[in-house]
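Trainee: What follows is a predicted protein model with its sequence.
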Amino acid sequence: MKLAPRFVVYFGVIVSVATGVLGYRLREERRDSEDRSFKRDVSAACERVREEVTTVADRDRDLLQGACGSGELVDRTLMAVEVGEDRRVMLGQLVPDTRKSFGVDELVLVSGTGDVLGADPRSLLSLSPKEVTKQLATDARNYASAGDKDATFAREPSIVSRCRRDGANKTTVGMLGARHIDPILDHVAKTMGYAVKRGSGARSTDTMEQAECAIEDGRGGRIPIIVSKDTTEFHKNLDEIDQKILTYCATSLAVALMLAILLARTMSNPLSALANEARKVASGEARPLRATGTDEIADLTNAFDRMLDDLGATRRRLAATTRVAAWREVARRVAHEVKNPLAPIRAAVETLRRLRAREDPAFDGYFDEATRTVLDEVKRINDIVTEFTRFARLPPPKPTSIDLAAIARDVIKLHEPHAGNVSLAVETLHPIPNVMADRDQIVQVLTNLVQNALDAIRGDDADKAGHVRIVIDSLGPDRVALSVCDDGPGVSQEMIARLFEPYATSKAHGTGLGLAIAQRIAVEHGGELSYVQRTRGAEFRIVLPIEGPPPVSEMTPSSG
């Protein structure tokens with residue numbers, strides 16, 4: 001992945017993760033804060049209900065204790081009980097007014113034997129003496145009652161107050177008062193903004209959060225209550241937080257991506273330019289970038305520019321040295337090749353001069369032989385100079401679309417009349433497309449390779465049999481290979497390293513420039529010529545690009 005996309009991905013991941021983690025923490029902190037607030041409110045609601053119930057219970061107990069101590073209703077009732085008068089009707093009419101004055105929901109006037117002398121509501125007149133005696137005997141300090149479904153008094157959870165007064169003759173009169181808990185819970189719920197009700201087994205839902213506590217008087221009375229809170233607003237707030245987090249995340253991500261793109265461009269553009277120029281170093285077309293600034297990229301660019309300057313100077317020195325060395329080697333080889341024919345020429349001329357000076361009668365007979373030797377060696381020198389001129393002045397290729405198989409068959413037909421017992425053949429392993437190449441130069445390469453193969457097979461025996469094949473194969477979508485194979489003795493190990501050097505040859509005749517010229521043609525076509533070692537015989541392979549030779553400016557230095 002390139003630098004710019006990598007910066008964008010890294011910045012995007014970092015910002016997304018950071019914003020997501022921060023948003024999640026804020027969301028959870030908000031949730032925890034709401035949970036703690038709800039728990040505090042539940043505890044406060046229970047405490048408020050407990051305080052309210054305690055206050056009301058103390059007030060009701062004081063009212064009933066006062067009524068039993070000096071109240072008119074109790075006094076009248078006690079007097080009637082002591083004298084044995086039955087005044088239930090009259091007493092029953094006084095109970096509703098007394099209940100209203102006390103502000104309780106239920107009030108019962110009873111005797112010590114459990115008889116109900118008056119009650120409000122009147123349905124309490126049916127209380128059994130056993131139930132009345134049980135309620136009257138309970139500790140007057142207890143105020144919480146969960147109610148009894150089998151009882152008729154204080155069936156609902158209530159604050160139950162009681163009092164009794166003993167008279168003469170072991171007579172007793174008492175009152176039972178009950179104030180329902182639900183109105184108190186409703187009052188607390190209105191003041192706190194929560195739903196408060198009796199019950200147990202609180203269950204929270206998606207829209208309602210519930211918690212449970214209890215009202216206890218410390219003496220056995222206990223009433224469980226449930227405090228509920230609507231969480232719709234809470235979830236709405238969480239949704240708003242999530243929306244804000246997503247908005248902040250998207251905004252931060254967009255800003256981060258913009259910064260990443262700007263930073264990546266700031267870094268990648270100089271690096272891309274540097275990479276493009278670096279790819280041109282081998283061809284010698286790289287140009288200095290002349291970067292400005294003091295950052296690391298500027299230092300790298302300046303170092304690259306200095307390297308180009310140094311490389312250019314080194315290349316110029318190396319080119320000059322290489323040219324001198326190359327021409328020195330060529331001059332040495334040309335001198336060596338020319339020197340060989342000069343020896344017989346000099347010997348023939350010196351012999352003629354000696355015979356002439358002595359007026360030797362053999363002069364005329366030797367003259368014809370000597371002049372023929374001189375002419376042969378002069379021709380040989382002329383061939384050497386001609387081949388060298390061809391090598392030095394080889395024109396650049398003029399590519400056209402050519403059919404390699406057809407060219408190979410033409411070369412084979414050209415050599416068949418002189419092949420003797422050597423069989424010649426062309427093999428095409430795959431469908432080969434037309435190639436952009438100089439037809440004449442490719443013919444020259446194949447002719448040289450086929451002739452070398454014929455010479456290698458026959459050696460000194462012109463009638464020796466053998467096989468020479470031109471194999472054409474595809475090397476992928478952009479290259480083809482032509483291989484000239486023979487079953488001769490092959491190439492000696494000491495000659496393999498010098499095969500493509502000028503004037504390197506193992507044949508008695510020839511100049512030794514054929515393979516050097518063939519390799520140069522292959523290189524200038526953007527390909528290569530190589531020797532492939534085999535267990536028997538020899539194989540020379542030329543590889544050519546299908547699209548043709550590169551522009552002259554892109555050729556390797558060896559082709560110049």
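Mentor: Done, it's in.
Trainee: Only C-alpha atoms from now on, for both contacts and neighbour counts.
Mentor: Will do.
Trainee: quick one, domains of this protein?
Mentor: Using automatic domain parsing, the domains assigned to the chain come out as 6-230, 296-392, 400-559.
Trainee: okay, those domains in TSV with mean pLDDT next?
Mentor: Shown next, in TSV, are the domains of the chain (pLDDT from 0 to 100):
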stretch	mean pLDDT
domain 6-230	78
domain 296-392	75
domain 400-559	83
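Trainee: just so I know, which of those lies nearest residue 287?
Mentor: Closest to residue 287 of the domains of the chain, according to Cα to Cα: domain 296-392, at 7.6 Å.
Trainee: quick one: the closest one to chain centroid distance?
Mentor: Domain 296-392 sits 65 Å away from the centroid of its parent chain (Cα atoms, centre = their mean, to the nearest Å).
Trainee: now stretch 203-221
Mentor: 52 Å.
Trainee: Now do the end-to-end distance for it.
Mentor: Criterion Cα to Cα, to the nearest Å; first-to-last residue distance in stretch 203-221 is 24 Å.
Trainee: what about residue 297, which helix or strand?
Mentor: Using DSSP states H and E, residue 297 sits within helix 296-357.
Trainee: Please disregard the earlier target; I meant residue 523.
Mentor: Using DSSP H and E, residue 523 sits in helix 514-524.
Trainee: Check which element follows that helix along the chain.
Mentor: Once the chain leaves helix 514-524, the next helix or strand it forms, by DSSP H and E, is strand 528-533.
Trainee: Quick one: list the elements packing against that next one.
Mentor: Helices and strands touching strand 528-533, by 3 or more Cα pairs under 8 Å, 6 or more residues apart in numbering; DSSP states H and E, are helix 514-524, strand 538-545.
Trainee: Tell me how far stretch 226-233 lies from the chain's centre.
Mentor: 44 Å.
Trainee: What of stretch 242-259?
Mentor: The answer for stretch 242-259 is 20 Å, by Cα atoms, centre = their mean.
Trainee: cool, stretch 77-91 as well?
Mentor: Here stretch 77-91 is found 97 Å from its chain centre; the criterion is Cα atoms, centre = their mean.
Trainee: Same check on stretch 85-101?
Mentor: So, by Cα atoms, centre = their mean, the centroid of stretch 85-101 is 89 Å from its chain's centroid.
Trainee: What lies in contact with it?
Mentor: 73, 77, 80, 105-109, 117-121 (Cα atoms under 8 Å, 6 or more residues apart in numbering).
Trainee: Repeat the analysis, applying 7 Å as the threshold.
Mentor: The contact list for stretch 85-101 (Cα atoms under 7 Å, 6 or more residues apart in numbering) reads 80, 106-107, 117-120.
Trainee: before we move on, back to that, could you work out which of the helices and strands packed on strand 528-533 reaches nearest to residue 226?
Mentor: Residue 226 lies closest to strand 538-545 among the helices and strands packed on strand 528-533, at 89.1 Å (Cα to Cα).
Trainee: Can you check what angle separates that closest one from strand 528-533?
Mentor: Angle of strand 538-545 versus strand 528-533, following axes from the mean of the first three to the mean of the last three Cα atoms, to 10 degrees, is 150 degrees.
Trainee: Remind me what strand 538-545 packs against, helices and strands.
Mentor: The contact analysis (3 or more Cα pairs under 7 Å, 6 or more residues apart in numbering; DSSP states H and E) places strand 538-545 against strand 479-486, strand 528-533.
Trainee: following the strand or helix carrying residue 365, which helix or strand shows up next?
Mentor: Under the criterion of DSSP H and E, residue 365 resides in helix 363-392. Downstream of helix 363-392, the next assigned helix or strand under DSSP H and E is strand 400-402.
Trainee: and residue 347, how many residues sit next to it?
Mentor: 14 (other Cα atoms under 10 Å).
Trainee: Who are the packing partners of the helix holding residue 523?
Mentor: Judged by 3+ Cα pairs under 7 Å, 6+ apart, helix 514-524 is in contact with helix 439-458, strand 528-533.
Trainee: can you give me how far the shortest one is from the chain middle?
Mentor: If I follow you right, that is strand 528-533. Distance of strand 528-533 from its chain centroid, counting by Cα atoms, centre = their mean, is 45 Å.
Trainee: Parallel or antiparallel, list what pairs with it.
Mentor: Applying DSSP bridges, strand 528-533 is found paired with strand 538-545 (antiparallel).
Trainee: sec struct for residue 164, please.
Mentor: strand (DSSP: H, G, I helix; E, B strand; the rest coil).
Trainee: Quickly note the distance from it to residue 397.
Mentor: Residue 164 is 135 Å from residue 397, where distance means Cα to Cα.
Trainee: try residue 231
Mentor: From residue 231 to residue 397 the distance is 87 Å (Cα to Cα).
Trainee: Also residue 203?
Mentor: From residue 203 to residue 397 the distance is 93 Å (Cα to Cα).
Trainee: who's more crowded, those two?
Mentor: Remark: of residue 203 and residue 397, residue 397 carries more neighbours, 19 against 12, as counted by other Cα under 10 Å.
Trainee: Parallel or antiparallel, list what pairs with whichever strand or helix holds residue 109.
Mentor: Assessed by DSSP H and E, residue 109 sits inside strand 106-111. For strand 106-111, the paired strands and their directions (DSSP bridges) are strand 116-120 (antiparallel), strand 172-180 (antiparallel).
Trainee: Let me have those in CSV, extended by mean neighbour count.
Mentor: Formatted as CSV, these follow (neighbours: other Cα atoms under 10 Å):
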stretch, mean neighbour count
strand 116-120, 24
strand 172-180, 25
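Trainee: Can you lay out the ones you listed as JSON lines showing distance to residue 97?
Mentor: Formatted as JSON lines, these follow (distance: least, Cα to Cα, whole Å):
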{"stretch": "strand 116-120", "distance to residue 97": "9"}
{"stretch": "strand 172-180", "distance to residue 97": "13"}
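Trainee: and the gap between residue 110 and residue 538?
Mentor: From residue 110 over to residue 538 the distance is 137 Å, taken as Cα to Cα.
Trainee: One more: residue 98?
Mentor: Applying Cα to Cα, the value for residue 98 to residue 538 is 135 Å.
Trainee: Check residue 478 too.
Mentor: When residue 478 is compared with residue 538 (using Cα to Cα), they lie 26 Å apart.
Trainee: ok, now residue 232?
Mentor: 91 Å.
Trainee: of the two, who's got more company?
Mentor: Neighbour count, other Cα under 10 Å: between residue 232 and residue 538, residue 538 has more, with 22 against 13.
Trainee: so what's the more buried one up against?
Mentor: Listed by Cα under 7 Å, 6+ apart, the contact set of residue 538 reads 485-488, 490-491, 532.
Trainee: May I have the beta-bridge partners of it?
Mentor: residue 486, residue 533.
Trainee: Which elements pack onto the helix holding residue 365?
Mentor: For helix 363-392, the elements it packs on are helix 296-357, judged by 3+ Cα pairs under 7 Å, 6+ apart.
Trainee: ok, 10 Å please
Mentor: If contacts are counted by 3 or more Cα pairs under 10 Å, 6 or more residues apart in numbering; DSSP states H and E, helix 363-392 sits against helix 296-357, helix 514-524.
Trainee: Nearest to residue 406, out of the ones you listed?
Mentor: Comparing those by Cα to Cα, helix 514-524 comes nearest, at 18.7 Å.
Trainee: Just give me how far the closest one sits from the chain centre.
Mentor: The answer for helix 514-524 is 50 Å, by Cα atoms, centre = their mean.
Trainee: That one vs strand 538-545, what angle?
Mentor: Interaxial angle of helix 514-524 relative to strand 538-545 (the same axes, to 10 degrees): 20 degrees.
Trainee: got the angle between helix 514-524 and helix 439-458?
Mentor: Using the same axes, to 10 degrees: helix 514-524 against helix 439-458 is 140 degrees.
Trainee: Helix 514-524 vs helix 363-392, what angle?
Mentor: 10 degrees.
Trainee: Could I have the CA atoms of helix 514-524 written out in PDB?
Mentor: C-alpha atoms of helix 514-524 as PDB (Å, rounded to 0.1, in the frame of the first residue of the first chain):
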ATOM      1  CA  GLY A 514      30.000 -13.100 -35.900                       C
ATOM      2  CA  LEU A 515      28.800 -13.800 -32.400                       C
ATOM      3  CA  ALA A 516      29.800 -10.300 -31.200                       C
ATOM      4  CA  ILE A 517      27.700  -8.700 -33.900                       C
ATOM      5  CA  ALA A 518      24.800 -11.100 -33.200                       C
ATOM      6  CA  GLN A 519      24.800 -10.300 -29.500                       C
ATOM      7  CA  ARG A 520      24.900  -6.600 -30.300                       C
ATOM      8  CA  ILE A 521      21.900  -6.900 -32.600                       C
ATOM      9  CA  ALA A 522      20.000  -8.800 -29.900                       C
ATOM     10  CA  VAL A 523      20.800  -6.100 -27.200                       C
ATOM     11  CA  GLU A 524      19.800  -3.300 -29.500                       C
END
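Trainee: Right, I'll leave it there.
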